[in-house]
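1. next input, structure requested:
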Amino acid sequence: MGERVLLIGVYGMELVECGGALAANAAAGGESHAALMLCSERMQRDVAQAAQILDVQLQFLNFRNGYVNVDEDHKRALVRVIRAIRPSIVVTQDPEHSLADLDPDRRPAMTLILEALGLASRAFALDDGLAPHPVPTVYYMTPSRPNCVVNIAPHWDKKVAAMDALEAQLEFSGQHWSDAMKPEDLEALVPGYAELGSDVERGRAMHRALDRAVHIYHGIGHHGRFAFAEAYRREGDFHLQTLSA
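-> Numbering: from 1, shown residues only. Next up is the predicted model:
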């Protein structure tokens, strides 16, 4: 039985980074939602296509790059999303990882998200007409210290196709890796890299190599049970009726 899952993301690619778990939840009969803070117009088109592939209901919050702040307007915007969707699970960025991440807006966004999760269940912004919603279970994506993994092997092809849809991101990645890495290292990672005809093709090839390695590592490569897995850190203790295998 699926859950009502809400991804609160800062950037568009987070939809795909969590895409296996979101697709698995939808396939189990749940509802997978995503609310993204920062996406350019071009990136929004790509992310909307990825969301269709993953069976995710998507909304863009259209915050301004460089201006994410822990103020009333931003808090209200996130609290409205949480109360409108009423998720049983929220997935968002890892506080530890975001603290040292040099992507702009990640640090204030993390404080904003945690504040909104707390305020959503309290007597805050009740004039918006939405009833409070208790703080749901929270999972942190791509964490520094994971404590659980999700089997995404049955949904691997969807995750790959969703990443392929993010052409703006692929173009950026292709340019970045071409500038940042030695040609011989790129060739070792992606044989024939130099012959690829565009930054989009180069970014796609590198993401496929990187994503496959990362998800195998968290799956079977990490003494696990799954071929491909996404890593998460659940906030708080696991509460079990009995011990389970």
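2. what residues of the helix or strand of the chain with the lowest mean pLDDT count as buried?
-> Ranked by mean pLDDT, DSSP states H and E, the helix or strand of the chain with the weakest confidence is helix 95-100, at a mean of 89. Using 16 or more other Cβ atoms under 10 Å as the test for burial, helix 95-100 gives 95, 97-98. (Glycine included, C-beta is placed from N, CA and C.)
3. right, and the helix or strand after it?
-> Sequence order places helix 106-119 as the next helix or strand after helix 95-100, per DSSP states H and E.
4. what's the domain layout of this structure?
-> Under the assignment automatic domain parsing, the domains of the chain span 4-149, 154-229.
5. now do the longest helix along the chain: everything it contacts.
-> In the chain, taking DSSP state H as the definition, the longest helix is helix 199-218. Contacts with helix 199-218, where a contact means Cβ atoms under 8 Å, 6 or more residues apart in numbering, come from 20, 146, 149, 152, 156, 159-160, 163-164, 167, 169-175, 177-178, 186, 189-190, 193, 196, 224, 227-231.
6. and those, which are buried?
-> Buried among these (16+ other Cβ under 10 Å): 20, 146, 149, 152, 156, 159-160, 163-164, 167, 169-174, 177-178, 186, 190, 193, 196, 224, 228-231.
7. now, which of the residues you listed lie within helices?
-> 20, 156, 159-160, 163-164, 167, 169-174, 177-178, 186.
8. from those residues, pick the one nearest T242.
-> Nearest to T242 among those is G20, at 27.8 Å by Cβ to Cβ.
9. dump the residue contacts of that closest one.
-> 150, 152, 155-156, 158-159, 215, 228, 230.
10. same check on H155?
-> When contacts are taken as Cβ under 8 Å, 6+ apart, H155 is in contact with 19-20, 23-24, 27.
11. now which of these would you call buried?
-> 19-20, 23-24.
12. in CSV: those, plus pLDDT and distance to R83.
-> Below are the buried ones among the contacts of H155 laid out as CSV (pLDDT from 0 to 100; distance: Cβ to Cβ, whole Å):
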residue, pLDDT, distance to R83
G19, 98, 25
G20, 98, 27
A23, 98, 25
A24, 98, 25
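13. how about the nearest residue to A21 once chain neighbours are set aside: which residues does it bridge to?
-> Nearest residue to A21 in three dimensions, chain neighbours excluded: V150, at 4.5 Å (Cβ to Cβ, 6 or more residues apart in numbering). Listed beta-bridge partners, V150: E230 (assigned using DSSP bridges).
14. what do you get for F60?
-> Beta-bridge partners, per DSSP bridges, of F60: L36.
15. and the residue nearest to A21, how far from R106?
-> Counting by Cβ to Cβ, to the nearest Å, the gap from V150 to R106 is 23 Å.
16. before we move on, the earlier item: the residue nearest to A21: how many residues sit nearby?
-> V150: 20 surrounding residues under other Cβ atoms under 10 Å.
17. what's near enough to touch it?
-> Neighbours of V150 in contact, by Cβ under 8 Å, 6+ apart: 20-21, 24, 229-230, 232.
18. looking at the domains of the chain, which is closest to S244?
-> domain 4-149 (12.6 Å).
19. next one: the closest one to chain centre, how far?
-> How far domain 4-149 lies from its chain's middle: 8 Å, per Cα atoms, centre = their mean, to the nearest Å.
20. how about stretch 194-209?
-> With Cα atoms, centre = their mean, you get 22 Å for stretch 194-209.
21. show me which residues of that stretch are buried.
-> 196, 199-200, 202-207.
22. next, format those as JSON lines and append pLDDT and distance to A84.
-> Formatted as JSON lines, these follow (pLDDT from 0 to 100; distance: Cβ to Cβ, whole Å):
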{"residue": "L196", "pLDDT": "96", "distance to A84": "43"}
{"residue": "D199", "pLDDT": "97", "distance to A84": "38"}
{"residue": "V200", "pLDDT": "97", "distance to A84": "35"}
{"residue": "R202", "pLDDT": "97", "distance to A84": "40"}
{"residue": "G203", "pLDDT": "97", "distance to A84": "35"}
{"residue": "R204", "pLDDT": "98", "distance to A84": "35"}
{"residue": "A205", "pLDDT": "97", "distance to A84": "39"}
{"residue": "M206", "pLDDT": "97", "distance to A84": "37"}
{"residue": "H207", "pLDDT": "97", "distance to A84": "32"}
